[in-house]
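J.: What follows is a predicted structure for the sequence shown.
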Amino acid sequence: LMVVLPAAWTLFEFLRSYLFTGFPWLSVGYAHSASPLSGYAPIFGVYGLGGIAALCAAGLAWTVLDAQRRWQGLVVTVTIFAAG
């Protein structure tokens, strides 16, 4: 679920702006243009930034919800932020 839900989020956000011609300036990726994730912007664009932000949120949720493997979600999130 950590990969499927962020991918679905990105797909539906793209489809919302493409098929329904709805408010492209309301994409989640625009909020991360001045964050540690902004390094991904030239590579993946605004929809990719939204997907990466959703992936970071999934990593943080994994950190909070899974007591046995708590460190794995934290490593995923920190790695994504550091690579940005």
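T.: In hand now; what should we look at?
J.: Quick check: phi and psi at Gln68.
T.: Phi and psi for Gln68, reported as degrees, to the nearest 10, are phi -80, psi -40.
J.: Use 710 as the first number from now on
T.: From this message on, residue numbering opens at 710, which makes the last subject Gln777.
J.: How about the contacts made by the nearest residue to Gln781 once chain neighbours are set aside?
T.: Distances taken as C-beta to C-beta, 6 or more residues apart in numbering place Trp771 nearest to Gln781, at 6.9 Å, with adjacent residues excluded. To be clear about C-beta, it is placed using only N, CA and C from the backbone, and glycine gets the same treatment. Contact analysis of Trp771 by C-beta atoms under 8 Å, 6 or more residues apart in numbering lists 711, 778, 781-782, 785.
J.: what about Cys765, distance to Val785?
T.: From Cys765 across to Val785, the span is 8 Å (C-beta to C-beta, to the nearest Å).
J.: Name the residue in these two with the higher neighbour count.
T.: Each of Cys765 and Val785 has its neighbours counted (other C-beta atoms under 10 Å); Cys765 has more, 22 against 18.
J.: Where does that one sit: helix, strand or coil?
T.: For Cys765, the assignment made with DSSP: H, G, I helix; E, B strand; the rest coil gives helix.
J.: so it touches Thr786, yeah?
T.: Yes - in this structure, Cys765 is within contact of Thr786 by C-beta atoms under 8 Å, at 5.1 Å.
J.: Output the helix or strand where Ala791 lies as CSV, nothing but the C-alphas.
T.: Assigned by DSSP states H and E, Ala791 falls within helix 779-792. Taking C-alpha atoms only, helix 779-792 is exported to CSV below (Å, rounded to 0.1, in the frame of the first residue of the first chain):
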residue,chain,number,x,y,z
ARG,A,779,9.3,1.7,12.7
TRP,A,780,12.8,2.6,11.5
GLN,A,781,12.1,1.4,7.9
GLY,A,782,9.5,4.0,7.3
LEU,A,783,11.7,6.7,8.8
VAL,A,784,14.6,5.6,6.6
VAL,A,785,12.4,5.8,3.5
THR,A,786,11.2,9.3,4.3
VAL,A,787,14.6,10.7,5.2
THR,A,788,16.2,9.2,2.1
ILE,A,789,13.6,10.8,-0.1
PHE,A,790,14.1,14.2,1.5
ALA,A,791,17.9,13.9,1.4
ALA,A,792,18.0,12.9,-2.2
